[in-house]
Structures are given as structure tokens and as C-alpha cells.
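Q: Give me a 3D structure for the following:
(chains A and B)
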Amino acid sequence: MDLFSGLVSGLQISLQPVNLLFCFLGVFIGTLIGVLPGIGPTGTISILLPITFGLSPTTAIIMLAGIYYGAMYGGSTTSILVNIPGEPSSVVTCLDGYQMARQGRAGPALGISALGSFIGGSISLVFTMFLVFPLAQAALKFGPPEYFSLIWLGMTLLIYLAKGSLVKAVVVVLFGLLLSTVGIDPISGAPRFAFRSPTLLDGLGFVPVTMGLFGISEVLTNLEESFDRTIFKSKIKNLLPNLQDWKRSIGPIIRGTFIGYFLGILPGGGAVLASFVSYGVEKRVSKTPEAFGKGAIEGVAGPETANNAGAGGAFIPLFALGIPPNSVMAILLGAFIIYGVAPGPTFITQYPQIFWGVIASMYVGNCLLLLLNLPLIGLWVKLLKVPYRVLMPLILIFCLIGSYSLNNNVGDVIIMIIFGVVGYIMRKFGYEEAPLIMAFILGPMLENAFRQSLIMSDGRLSIFLERPISAVTLIIAALLFISSGFSYYQKVKEKIKE
Amino acid sequence: MKKYDIIPIIFWIGLSLFVMVLSNKLGLGKLHHPGPGFMPFYIGVLLLIISLYLLLRYILKKGDRGETAKKDQSQIDLWKIAIVVASLIAYSLFLERLGFLIATFILVTLLFKTAGMRRWSFTFMSSVLTVLVTYFLFTYLGLNFPKGILHWR
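A: A predicted model of the protein is given here:
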């Protein structure tokens, strides 16, 4: 199927009433949780996952994807109006967005972030359409050694791009890999670390684990904080940026799209890193860097564009290779597997209706988001006032029901609660959860690829270096490990923290 | 590094040793035919090396460690967290016996209270509403809830 006819059939699929409805639901929920603190897209998608089992895979993925990119829009609203980022990806938007609001320019700030997001999101879909086919073609030639090396590279990147300490990220990745080995060994059939528990014999379910790590532990962390928010009271007017604003923003938007997209593809990168790097770049290329932090519209336009473009880029490795680059994509991968659809090189040719339906739905979703966010901004501002004591029990109930309904098994609920506590403790000690869930999902793929490669080569480890693609990938991973090339990101992160 | 950072380090060391012993029992296999214990064993080894490194760093940096806790506040928080976690565990243990409606009602009321809702009448109403809305929403979506002691057809 060529690009054009693919896109047309995709649009037909995404405009079917049921898909349109769920696309709307997805972006609506996404904006909602983006605005509300205390629950992010990863938690929400894992909580809502069990509900989607009754839907067709296309419809389900359309909705879940909508939550992901919708949250990027919603997150900026709280950054600008209350100086509290709804999502980590809009942390940097606080710096200049809130200052703009204080100067009475909340309207243009909200406007440029919605329009920038729209532009970034739409262009990134065009990139995806052109990139995903060659990549999937190339991936068809990949055997177990190539997959092993790619996942290895992915994990190296994951560790390098971690927000906090590198050593702690390594520990977390290893912990995640260990957790993924619980259950029946797929090659020999022997039970591992199951301790005669039937629940553990099936392996730790990824849905209860993610719900615990991103839902329950989020609630526990927030129990400590009081949410006294002073919402900016000025009337929001002039949502549409004027010509001057556009002139200043167009460069950041274009750069933000490219930065966001390509960082989105990288494992561990995604929307958060994209927004940080875009802010750093804009400050560097600006003729007036001293204006940043004091309400420069460039500091809103760039990062907000980048986080949405990054959300688009993240779909590439998932669709083309079946390797998720971030925790949301990891959950989507898990969802695909539950629906009985395996993403990978043959995914696009085997399930064109899902691929094109989801891609086209993202165009539709971006349009819906623009409509939802610009005229309805007042509604979202009102929602900011929802007190956390109402929200907290609701999130917990949804987690409990969701995890129970997976298999009508209390064991899953207990696993979720345990991982909620684990996640809370990890946060307290400065360990991140995102690398854990990534390693947990990638673990079985890594192990299978490794063991199959060794069986193929009759026990020679050199197989990973004899095959060119695998060798190059491993060399890149090794160089990354040695070089301090990525310390640039660390510096950027530190600078912004200040 | 803070004082309590030693706790996770000890946990990691313990975990890695535990995993290595168990994986060794599972069978490591040979390089040309790796067994089920192969991968967990070597991950355990890596984890042990890194946590020993963390331990070393912890011991070396012993000097510049400071008390950071604001004690009163953190104790209140820990209580809240303990209550929430305990009630969640109790919920999962009693869910099938009590049935969804009763168990959820009790849990939600408790949670609303813990989260700081003041008036009883308002808490009661909110809980009833939450239970009914979630029940009908999820039943509509095709989920089956345990009925427990409220047996009816």
C-alpha cells in the first residue's frame, strides 16, 4: 500500500463513528489528566487498559494514543496558569509561560503552546509515515543477534538519558530485568522465582506492575503534598498570538519539531528530554538570552512543540521494530500483545488497518485537541480547582478495579499494591521508575534474543560482533558508555534545574 | 548522599545474592545452550558489583552527610501513607468475601476521610455516589464484580 492510499484508508477508518468517539475520549481524558496533577499518561493508560479489552485493537490503540499526546497539551495549561507542571514534559514551560501569564499575556502563551503543539504533532506524523517503512524493511533482515544488540543499545541510552544518577539508573534497569524473569522460562519451560504461587507462575503482570508504579505510588507521593494552588486570576484574552509573537515563535517551533521528533525516537528520550533540550537550544541561539525566564515566548513555543513532536517520534521504534522507546510505548506494546497483535517489522504489512487507522487518527486527534484546548480553556481552568481529596480516592478505586478485572484475581491486586509501595520507596531514595518498567518489558525480548543467538552460534559469543548490523550497534553502545558525549544533556538538565 | 541511602544498598546486595543462589539451583546451562538460570544469575552478578560500588561510595562519603528530615511533618505523612496502604491491602483481601459494593463503600469512605474531607454527611453522600457510578460504569463496560454477601440474581 503506498503512502497516499494508506492515508486515505486510514482516514476512513479513523472517521468511523466509533473510532472518532474513542479518539475524542482519548484526547479528552489526555487533556484532563494533563491538567490534573498527581496522575500522568503512563498511569492513566495502564488503569484504562483493562477497559479496552472489549474494543477492537484499532479503536483501543486510537484511544490510548490519544491519551498520550493529549496529556502533552493539557500539561502546558497548568504550567502557564499556576506554575505547576501537569506533566514532567511541561516543566520548562513554567519558566517563561508563568512569567507571561503574570505580565497579562496568558492568552498568547496558551495559544502559542496549543498551536505549536498542533504544528509539531502534525509534522511529526508526516516524518513517521516516511521513516517507518524503510526502517521496517531493514528490520525484516534482523535475527536474534541484531535484536539483542538493538535492545542493548536501547538500554544503554535509557541509562544515559536518565534524569537522576546514572548508577542508580543501572541498578533500576537490572532490577527490572530480574523482575521480568519471574514466571515460566519461555525456552525451557521451567518455573523461575514463582515460589509455587499460581499468580507468579504466569509472571508478574505488566499491567498491575505499571499501575502500581505509576498510579498507586503517585498517589502515595502526593499524599505528602498539600495542593494549595493560586490560580492566576486575570482574564484570559487574545488567545491568538499576534504577528510579532508568530515572528518570534516560528523558528523555535520548527527547531522544536526536529529536536522533539528525533529525541522522541531515542529510548529513554521522549517528550520530557525533548522539551528540556529545545529550551536549552532556544536560549543558546537567541539574540536576547537574558529575556529567557522573564516571559520570552520562544521559551514556550519551542518546548511545547518539541514535547508533542517527541510524542509522535516515539511511535517509530514501536511500529517498525516492536521496541518501545519509553514507558508509555512499553505499555502500548503490552497492550498490542494482549490484543494478539505483535508490533515488529511485519506489523505494517500484516495489520495495515491498525497502522494507518492509528496514524490518521492522530491527525484527527490533533485537530480535536486544538478545538478542545483553545475555545474550552475556561473549562480546564475550572478543573484546576478540583481538590485532591476528591481525586485521590477515585484514582485508587480505578486502579483496584482495573487490576482486579484483568483476570478476576486478587493476586494481581496485591502485586499492584506491592509495586505501589516499591515505587514510592524508590522515589524517596531517588530511583526512577521509568527505566524499571522499560527493562521489565524489554527483559524477555533481550533474554530470548540472547539465548537464541547463542544457540544459533553454538555458544560463541563472537556472533554479536560477526554480524555487521549487530556489531555496529554494539560499538555505538560501547562508545556511548565510554564517551561523555551525553554529558551535554546532563549540563542542560542541571542548568535548567537552577 | 543521605543517611538512609544505606537501606536500598543493603536491599540490592541481599537481592542479588538471593537471586544468584536461586538461579544457580535452576541451572545455568552452558554457553551453547543457556539454561533458565543463566540470565538471572549474571544480572545478579552485575547488580552485586554495582551495589558494592554504591556501598563503597557511601562509606567514603560518610563525612559530609547531614540530617535532612523535618521530623514531625514526615511522621504525619507516614501515618497517612500507612493507613492508605493498609486499607488497600484489606480491601483486596476482603473484596471477594464482602462483595464489591460493601467493600468499596467502606474503602472510599475511609479514603475520603484520610484525604481530609470533613463533614460526615458529605463524605457519606460522596462515597455512595462514587460506588454507584463506578459500579454501573464498569458493569456497563462488561466487567463482573464479586457479589459477596449481597447475593441476588
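Q: what's around residue A:28, how many residues?
A: Using other C-beta atoms under 10 Å in any protein chain shown, residue A:28 is surrounded by 19 other residues. Glycine gets a C-beta too; all of them are placed from N, C-alpha and C.
Q: ok, it to chain B distance?
A: Going from residue A:28 to chain B by C-beta to the nearest C-beta, to the nearest Å gives 16 Å.
Q: check contacts around the closest residue to residue B:116 other than its chain neighbours.
A: Closest residue in space to residue B:116, ignoring its immediate chain neighbours: residue A:389 at 4.8 Å, by C-beta to C-beta, 6 or more residues apart in numbering or on different chains. If a contact means C-beta atoms under 8 Å, 6 or more residues apart in numbering or on different chains, then residue A:389 has B:112, B:115, B:116, B:117 as its contacts.
Q: sec struct for residue A:389, please.
A: With DSSP: H, G, I helix; E, B strand; the rest coil as the basis, residue A:389 sits in helix.
Q: Return a PyMOL selection command for the buried portion of the contacts of residue A:389.
A: In PyMOL, a selection of the buried entries from the contacts of residue A:389 looks like this (16 or more other C-beta atoms under 10 Å in any protein chain shown):
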select buried, chain B and resi 112+115+117
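Q: ok, the contacts of residue A:389 vs chain A, which is closest?
A: Chain A lies nearest to residue B:115 out of the contacts of residue A:389, by C-beta to the nearest C-beta, at 3.5 Å.
Q: which ones are touching that closest one?
A: So residue B:115 contacts A:223, A:388, A:389, A:390, A:392, A:393 (C-beta under 8 Å, 6+ apart).
Q: What's the separation between residue A:94 and residue A:279?
A: Going from residue A:94 to residue A:279 by C-beta to C-beta, to the nearest Å gives 11 Å.
Q: When those two are compared, which one has more neighbours?
A: Set residue A:94 next to residue A:279 and count neighbours by other C-beta under 10 Å: residue A:279 wins out with 28 against 19.
Q: Who are the contact partners of that one?
A: Applying C-beta under 8 Å, 6+ apart, the residues near residue A:279 are A:92, A:95, A:292, A:299, A:302, A:303, A:496.
Q: rerun that using 7 Å as the cut-off
A: A:92, A:299, A:302, A:303, A:496 (C-beta atoms under 7 Å, 6 or more residues apart in numbering or on different chains).
Q: same question, residue A:353
A: A:13, A:58.
Q: From chain B, how far out is it?
A: 23 Å.
Q: and the next element down the chain from the helix or strand harbouring that residue?
A: In the assignment (DSSP states H and E), residue A:353 maps to helix A:352-373. Following helix A:352-373 in sequence order, the next helix or strand is helix A:377-383 (DSSP H and E).
Q: what does that next one contact?
A: A:31, A:32, A:35, A:36, A:74, A:77, A:81, A:110, A:231, A:236.
Q: Give me the distance between the nearest residue to residue A:27 once chain neighbours are set aside and residue A:60.
A: If the residues on either side of it in the chain are set aside, residue A:27 comes closest to residue A:70, at 3.9 Å by C-beta to C-beta, 6+ apart. As for residue A:70, its distance to residue A:60 is 15 Å (criterion: C-beta to C-beta).
Q: higher neighbour count, these two?
A: residue A:70 (31 against 25).
Q: what residues are up against whatever residue of chain B ends up closest to chain A?
A: Minimum separation of chain B from chain A (C-beta to the nearest C-beta) falls at residue B:32, amounting to 2.7 Å. Going by C-beta under 7 Å, 6+ apart, residue B:32 touches A:454, A:458, A:459.
Q: what does the helix or strand harbouring the first one contact?
A: Going back to what we said before, that points to residue A:454. For residue A:454, the element it lies in under DSSP H and E is helix A:434-456. Residues from elsewhere that reach helix A:434-456, judged by C-beta under 7 Å, 6+ apart: A:144-145, A:147-148, A:151, A:154-155, A:158-159, A:162, A:169, A:172-173, A:175-177, A:179-181, A:186-187, A:206, A:209-210, A:213, A:324, A:327, A:330, A:333-334, A:463-464, B:31-34, B:39.
Q: now do 6 Å
A: With contact meaning C-beta atoms under 6 Å, 6 or more residues apart in numbering or on different chains, helix A:434-456 is reached by A:144-145, A:147-148, A:151, A:158, A:162, A:169, A:172-173, A:176-177, A:179-180, A:187, A:210, A:327, A:330, A:463, B:34, B:39.
Q: Filter the residues you listed down to the ones in helices?
A: Here DSSP state H is the test, and the contacts of helix A:434-456 give A:144-145, A:147-148, A:151, A:158, A:169, A:172-173, A:176-177, A:179-180, A:210, A:327, A:330, A:463, B:39 as lying in helices.
Q: And those residues, which of them are buried?
A: So, by 16+ other C-beta under 10 Å, the buried ones in the ones in helices among the contacts of helix A:434-456 are A:144-145, A:147-148, A:151, A:158, A:169, A:172-173, A:176-177, A:179-180, A:210, A:327, A:330, A:463, B:39.
Q: Got the phi and psi for residue B:30?
A: Main-chain torsions, residue B:30, degrees, to the nearest 10: phi -110, psi 170.
Q: Name whatever forms a beta bridge with it.
A: Beta bridges link residue B:30 to residue B:33, judged by DSSP bridges.
Q: ok, now how distant is it from residue B:24?
A: Computed as C-beta to C-beta, the residue B:30 to residue B:24 distance reads 14 Å.
Q: just residue A:203 next, same as before
A: 21 Å.
Q: Identify the residues contacting residue 108.
A: The chain I'm using is chain A. Going by C-beta under 6 Å, 6+ apart, residue A:108 touches A:241, A:245.
Q: Chain B, not that one
A: Neighbours of residue B:108 in contact, by C-beta under 6 Å, 6+ apart: A:393, B:127, B:130.
Q: Swap in 8 Å and give it another go.
A: A:393, A:397, B:126, B:127, B:130, B:131.
Q: Farthest pair within those residues?
A: By the measure C-beta to C-beta, A:397 and B:126 form the most distant pair in these, at 11.9 Å.
Q: In this structure residue A:430 contacts residue A:165, no?
A: Yes. At 6.7 Å, residue A:430 and residue A:165 qualify as touching, with contact defined as C-beta atoms under 8 Å.
Q: what about the one residue in the stretch 351-498 of chain A that gets nearest to chain B, is that helix, strand or coil?
A: Residue nearest to chain B within the stretch 351-498 of chain A: residue A:459 (2.7 Å; C-beta to the nearest C-beta). Following three-state DSSP, we place residue A:459 in the coil state.
Q: can you count the residues close to it?
A: Neighbour count of residue A:459, defined by other C-beta under 10 Å: 14.
Q: Model confidence score at it, please.
A: Reported pLDDT at residue A:459 in the predicted model: 81.
Q: which residues touch it?
A: Residue A:459 neighbours (C-beta under 8 Å, 6+ apart): B:30, B:31, B:32, B:33.
Q: and which of those is nearest to residue A:119?
A: Distances from residue A:119 to the contacts of residue A:459, taken by C-beta to C-beta, are shortest for residue B:31, at 52.4 Å.
Q: shouldn't the closest one be in contact with residue A:463?
A: No. Assessed by C-beta under 8 Å, residue B:31 is found out of contact with residue A:463, at 10.9 Å.
Q: Thanks a lot, see you next time.
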